[in-house]
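Q: sequence unavailable; structure follows:
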C-alpha cells in the first residue's frame, strides 16, 4: 500500500538523489580503482565543493531572482566553482595525506588513518573558518514544477541534477574509455607495477584520478547544497551513502557506481513513504551490510579499471 | 602523459629551484606555519566567511607561528648538513635506553611506580582536576586500552568504537529498569557489568562476523556507519530508549551490600565523592590491562601477531584469521561496554548526543598517538591527550579540538606511525612492511585474495 501511494513522486525524488550519490560514488570508485583504498576524506571534497559554489553564487547573484539564460549561466558557474574547489581539495589531499605514505610504502592501515584524520581536519577547519550554521545558496533559478508525470511533479531542481549528472557521467565514461589519461588510469588500476615499467607515471595518474573524482564530488556538493543548504558537517552522511552506492554497484566499477547510486536513491526514497523519514540513514546502512553479506562484489562485480 | 618540456628540463632555473630539497622543505614549513596560524587564529562566520582568514593574518600571532616553522626548517637543514655525528650519538643512546627498558625488573618497576602515581594523584590536585580525572581521563584510558586490542593487536580499523560504549550504557540502563522498556528483572548496576559485556560483545560479533570475512577496509566503513546509526536509533526508538530526552529515570549508582558491608558510590556532585569513582575505574583499568598483557603474550596474542605479519602464512600454519579477528573485535567491544556501564552509573543520566560519532575518532587518536599495539602507549597517550586540552582550555575553543586531532592523525602517520611509546614488535613490523616484508595490518581478505 505504502509503495503505491505517490509512487511516481517518490521515484522522481529517488532518481534525483540517486544521480547525486552516483557522482560522489564515482570519486570512491575511481580512487579505489587506482589505489585499492577507500578515500575516507572524499566526503570533505564534497563539502568543500558546496562551499565553493556557495561563495561564488552568493557573491554573483546576491538577492536577485534570475530567469532564463541567466539561470543557465549561474548553474554552470556554480558547477565550475564547486568542481574547481573539489578538484583542488582532492589534489591537495592526495599530496598531503597519501603521497608521503606511498613514498614510504606504508601499511594500508596507515592510509585509512591518515585519510580519516584529513577528513576530520578539513570539516572542522571549515566549521571554524566559515561558521557552524547551515546557509542557503542563492537560488539561480525559480524552483517550480516544470511538468507533471503520472501525478509526480518534476521540479527544476530534479531536472538540473539529472541533466548535469548525466552529462558528467557520459563525459567521464568517454574520458576513461577513449583518452590517453583514461588509458593510464585503467593501466594503473589493473597492475600498477607493470604500468610503471611500461612508462606510465603512476604518481601523475593517481593525482589526476583524485582530481577527476574531486571535480565530480565538488559539483555534486554544489548541487546538493542548492537543495539542502551548506554546512561544514554535510559530507559525512552522503559520503557513507555514496560509498554504499559504490559497493552496491561493485566498487572499482564506473558504470556500477552509477547503477548503485540510482538503485540506492530510489530504494531510500520509496522506503521513506513506508517508514518514517528519520530512518532513511539507517536504511542506506542496512543496505550496505546486506550487500556485503550477500554479494560483496556488487551488482556489476568488481572489475576495477577493466570495465570501461 | 608527458609533461611540458620546460618543467622537465633539469637545466631550467625553475626546475633547479623546484628540485632543491631545502627549498621544498622551506615551502612546506611556510605552508604548515600558515595552516597552524589558521587553526589557532580567529573564527569566521557564515555572513563573513573570509573574516577568519583575514583576521588571522592581521594578528601578529600568525607570523609568530610562521616564524616558528621557518626556525624549524633552519634547525632541520642545519642538522642534516652538519650534525650527522650527533645523530649517530643519539642513536647509541636510544638503543641503550631500549636495552635497559627490556630488562624485566626495570619494566615492572616502572609499571609499579606508575600505579603508585595513579593511586596518589587525586590527593594532590584540586576539585576541578579530580573531576577531569574521573570524567575525562580515566574512562578514556580504559577506552583507548580497549580499542588498542582492535587497532594495535589485531591490526583492524574500528571507526565506530563509541557505539559499543553506547550499547554498554543502554544495557546498564535497561537492566536497572531506567528505560521505558522494562527488563524481566532489575539488578544492581554492578550486576549490569556482565550483562553489558555480553550485549556489547554480541553487538561486536553481529557487526564483525559478516564484515571481517571481507577486505579490512570494509570493516572501517561499516563501523563508521554503525557509529552514525546508533545515535539515530537511540534518538528515534523512543519507546525503548527514551529518545532524545534521554533515559526516563537515573541509573542508580553502584553499591555493594554483602554480609555486613555496605559501600555506596554516591552521585559525583559533591567534592570528595570523586575518590570512590576514581579508584573504581582505576581498578577496572588495572584488571583490563593485566588481562590484555597476559592475552598479548598468549596463544591468542601470537595468533594476532602472525595474522598482522603475514595472513597467508598464518593461515597455512592452521590459524583461522576470521576467528581471531572476530575475537579481537568482540574483546574491544566488550571493553567499551564496560566503560559504558561505568559512565551510565556515574552520570546517572545520559542522552544520545553523549555517544556522538566523533568520540570514536577521539579514541582512535589516543591509541595512534600513544602507539598502536602498546599498552603503556595507550595509557600514557590517552592520559596526555585528554589532559592537554583541559590544561589549554582558556586558549583553545573546545569545538576546535577536532581540527587538532585530525591534523595529529596525519602527522603521526607521516612521521611516526608507531606512536609515542611504540610497541617494539609493532614498530619493527611497520618498518618491515615498508621494506616489502609482511603487511603490519590485517586488511587483507581472509583466504588470501587481495
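A: Yep, it's here. On a predicted model such as this, the values are computed, not experimentally measured, just so you know.
Q: how far away is whichever residue of chain B sits closest to chain A from residue B:426?
A: Ranked by Cβ to the nearest Cβ, the top residue of chain B for proximity to chain A is residue B:409, at 2.6 Å. Glycine gets a C-beta too; all of them are placed from N, C-alpha and C. Distance of residue B:409 to residue B:426, given as Cβ to Cβ, to the nearest Å: 17 Å.
Q: who's more crowded, the two?
A: Taking other Cβ atoms under 10 Å in any protein chain shown, residue B:409 and residue B:426 do not tie; residue B:409 has more neighbours (26 against 23).
Q: excluding chain neighbours, what is closest to the more buried one?
A: residue A:117 (2.6 Å; Cβ to Cβ, 6 or more residues apart in numbering or on different chains).
Q: so who does the one you found touch?
A: Contact analysis of residue A:117 by Cβ atoms under 8 Å, 6 or more residues apart in numbering or on different chains lists A:97, B:365, B:405, B:406, B:407, B:408, B:409, B:410, B:413.
Q: which strand or helix spans the last one?
A: Looking back up the chat, that one is residue B:413. In this assignment (DSSP states H and E), residue B:413 forms part of helix B:401-415.
Q: what packs against that helix?
A: helix A:99-104, helix A:108-130, helix B:21-40, helix B:358-370 (3 or more Cβ pairs under 8 Å, 6 or more residues apart in numbering or on different chains; DSSP states H and E).
Q: how far is the third one from where the chain is centred?
A: Distance of helix B:21-40 from the chain centroid (Cα atoms, centre = their mean, to the nearest Å) equals 27 Å.
Q: ok, back up a step: which of the contacts of residue A:117 lies closest to residue A:84?
A: residue A:97 (20.2 Å; Cβ to Cβ).
Q: thought the closest one was touching residue B:410?
A: Yes - shown here, residue A:97 and residue B:410 form a contact pair, counting by Cβ atoms under 8 Å, at 5.5 Å.
Q: of the two, who's got more company?
A: Between residue A:97 and residue B:410, residue A:97 has the larger neighbour count (other Cβ under 10 Å), namely 27 against 22.
Q: and residue A:140, helix, strand or coil?
A: State at residue A:140, reduced to three classes by DSSP: H, G, I helix; E, B strand; the rest coil: coil.
Q: neighbours of the closest residue to it other than its chain neighbours, how many?
A: Leaving aside its chain neighbours, residue A:140 sits nearest to residue A:74 (3.4 Å; criterion: Cβ to Cβ, 6+ apart). If you count neighbours by other Cβ under 10 Å, residue A:74 ends up with 22.
Q: just residue B:191 next, same as before
A: By other Cβ under 10 Å, 13 other residues sit near residue B:191.
Q: which residues touch it?
A: By Cβ under 8 Å, 6+ apart, the residues touching residue B:191 are residue B:175.
Q: please redo it, this time with the cut-off set to 10 Å
A: Residue B:191 makes contact with B:172, B:175, B:176 under the criterion Cβ atoms under 10 Å, 6 or more residues apart in numbering or on different chains.
Q: most neighbours, which of those?
A: In terms of neighbours by other Cβ under 10 Å, the contacts of residue B:191 top out with residue B:172 at 31 neighbours.
Q: so that residue: helix, strand or coil?
A: In three-state terms, and counting by three-state DSSP, residue B:172 is helix.
Q: gap between it and residue B:119?
A: Distance of residue B:172 to residue B:119, given as Cβ to Cβ: 26 Å.
Q: could you do residue B:300 as well?
A: Note on residue B:300: its distance to residue B:119, by Cβ to Cβ, is 30 Å.
Q: so the two - more neighbours on which side?
A: Using other Cβ under 10 Å as the criterion, residue B:300 and residue B:119 rank with residue B:300 on top: 18 against 13.
Q: list the buried residues for the longest helix along chain B?
A: Counting residues, the longest helix in chain B under DSSP state H turns out to be helix B:321-347. Within helix B:321-347, the residues scored as buried using 16 or more other Cβ atoms under 10 Å in any protein chain shown are B:321-322, B:324-347.
Q: burial measure for residue A:91, as a count.
A: By other Cβ under 10 Å, the residues close to residue A:91 number 16.
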